[in-house]
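Student: sharing a sequence plus its predicted fold:
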Amino acid sequence: MALMLTGTSLTFPELYRLSVFANAGYEKCKLKLSDLEIKEHKDEILSEVMRLCHKLERYPVLQVRDLLPNGSYFNDTSKIIHPDEGDLLLIFRHISLKNVNISDVKGKNRVKLTICDENLKEQLNDIKLSFGLYFGLYKEVVDFENNLQSDITSYIQQAIRICLCQLEGIHYLGASELGPTSSEWECLRKLRLLNQEGSASLYGSIIRYGIPGELRESCRNGTYNPHLPPNTIALDKRMHGPCVRIRIGGGKHTTDIDLGFCIELEHHQTEHSTHIALPYFQAEWVRSVYNSKHKLDEDHNKLLMLLKLLILECHLVHESSTFSSHALKILVLRHQARCTSERSLGSCLCDVAHHVFELYEMNEEYGHLLIYDSRKKLRDVDFPCVDVQPTKLRNYWIMPVVLYITIRALRSGCCTGEEALHVDRWLIISELWNNKELGGYVQLNAGDKVVCKLPIQRIDELLTRFYIRK
């Protein structure tokens, strides 16, 4: 088969297969809900969170002024498979620019929030005394320089725990480490079915490193259930970046909601967007943008959803360093800025995939595919100083290889677009995983850069086994 990394010039048959694959993939992954069903589900979630916010008013310093729907489900309609995840921003009422001074951290998109109101400082310290004694928390809320600490989220989490216990009409399940979402479990069950066919190593690794201890047995035997009954809420005792996560049971859907408590940076508001600051680390808070002016058009939003589908399995592999939804969106936004109107969804997919190949300095050389632990940056569109790529950990090679094999199969003509879509990507990942030791398909070399080496002949053997029509 021809080399795939030499450019994105496509023949008509290649373009046709890629386009059929891309459009069919979008149809497969989009939410199978009517506009009315989506609206009712969103309203149900917002209603429950608003009730929680009203309960939080018992702690004046934690009062919420505004609730902003955010993320792929609430804001940009790129959620795939199930409506099982969402993001909400909760803007503090009293922790505001009226009584907080903002100072930039040099060279970064981070700020420090210095409390300049003695009454607010006293209320924040009271939060520490109250929850610190009750829950054994001893983290600072305000440091000796009067900087508000990001550890306030730990106290917010405990306040939410107390309020959920007192929320009328809600059965609160308590705080625990939440397991996979509906989409993740649906994906994992496919791998579990391969468990007796040589995938035990990969499935065992995911269970061991990605599943909370008390849920591992139910995931092993297939009895795990991500769904909660209606009017039921669970709290995740882990922090998720700057957010507190709750799981809300509903009539048809169970949804994980990340609650991001933040301060609004009013002097950075624009006609299109609002700048906020979210807890980051110690005395530093990170700038973010709500309702960014950078938008995807309809076709490129479909492309974003397709990319999420293609790397869904990769997210579940331990230390795979898979791109976040935000990083994928930045990839597509960068592509959209240079995309011409006559291009198809298939050619757009190929172009974005090649951008990924460039970020990993992928090269076809002496019969091997090389994937480097590259330091190339994918810069955020709102904060260009920020590289949105994840830190590349041990299994960083999995995501780019899955994309490479998908594009290689479609361009080679060994299958149609529909046939490529129906290949179980777990088959590919499992085969690579089970042969990643010395002498196997995947070899990692250490040096100034880590490089993953895969024999292209082995990749073509995988295409023959899993993609080519029998």
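Tutor: Cool, got the structure.
Student: any low-confidence regions in this protein?
Tutor: Low-confidence segments of the chain (pLDDT under 70): 1-8, 76, 132-137, 195-200, 266-272, 341, 437-440, 446-447, 469-470.
Student: domains for it, by residue range?
Tutor: Split into domains by automatic domain parsing, the chain comes to 12-30+294-466, 35-177+232-290, 180-225.
Student: can you redo those as JSON lines with mean neighbour count?
Tutor: Every C-beta, even on glycine, is put in place using the N, C-alpha and C of the backbone. Formatted as JSON lines, the domains of the chain follow (neighbours: other C-beta atoms under 10 Å):
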{"stretch": "domain 12-30+294-466", "mean neighbour count": "18"}
{"stretch": "domain 35-177+232-290", "mean neighbour count": "18"}
{"stretch": "domain 180-225", "mean neighbour count": "16"}
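Student: where along the stretch 251-400 of the chain do the strands fall?
Tutor: 255-264, 274-281, 284-290, 363-365, 368-372 (DSSP state E, counting those that start in this stretch).
Student: neighbouring contacts of the third one?
Tutor: Strand 284-290 has contacts (C-beta atoms under 8 Å, 6 or more residues apart in numbering) with 68, 70, 89, 105, 108-113, 148, 150, 242, 262-263, 265, 268, 273-280, 382-383.
Student: for it, which strands pair with it and how are they oriented?
Tutor: Sheet pairing of strand 284-290 (DSSP bridges) gives strand 110-115 (antiparallel), strand 274-281 (antiparallel).
Student: could you export the ones you listed as JSON lines, including distance to Asn434?
Tutor: Shown next, in JSON lines, are those (distance: least, C-beta to C-beta, whole Å):
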{"stretch": "strand 110-115", "distance to Asn434": "42"}
{"stretch": "strand 274-281", "distance to Asn434": "38"}
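Student: quick one, which of those strands is nearest to Ile38?
Tutor: Ile38 lies closest, by C-beta to C-beta, to one member of these: strand 274-281, at 23.8 Å.
Student: from the chain's centroid, how far away is that closest one?
Tutor: Per C-alpha atoms, centre = their mean, to the nearest Å, the displacement of strand 274-281 from the mean C-alpha position of its chain is 18 Å.
Student: same question for stretch 18-29.
Tutor: 21 Å.
Student: go on, stretch 251-271?
Tutor: Distance, stretch centre to chain centre, for stretch 251-271: 15 Å (C-alpha atoms, centre = their mean).
Student: could you dump the strands of the stretch 251-400 of the chain to a markdown table with distance to Asp424?
Tutor: Output for the strands of the stretch 251-400 of the chain, formatted as a markdown table (distance: least, C-beta to C-beta, whole Å):
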| stretch | distance to Asp424 |
| --- | --- |
| strand 255-264 | 25 |
| strand 274-281 | 37 |
| strand 284-290 | 36 |
| strand 363-365 | 25 |
| strand 368-372 | 21 |
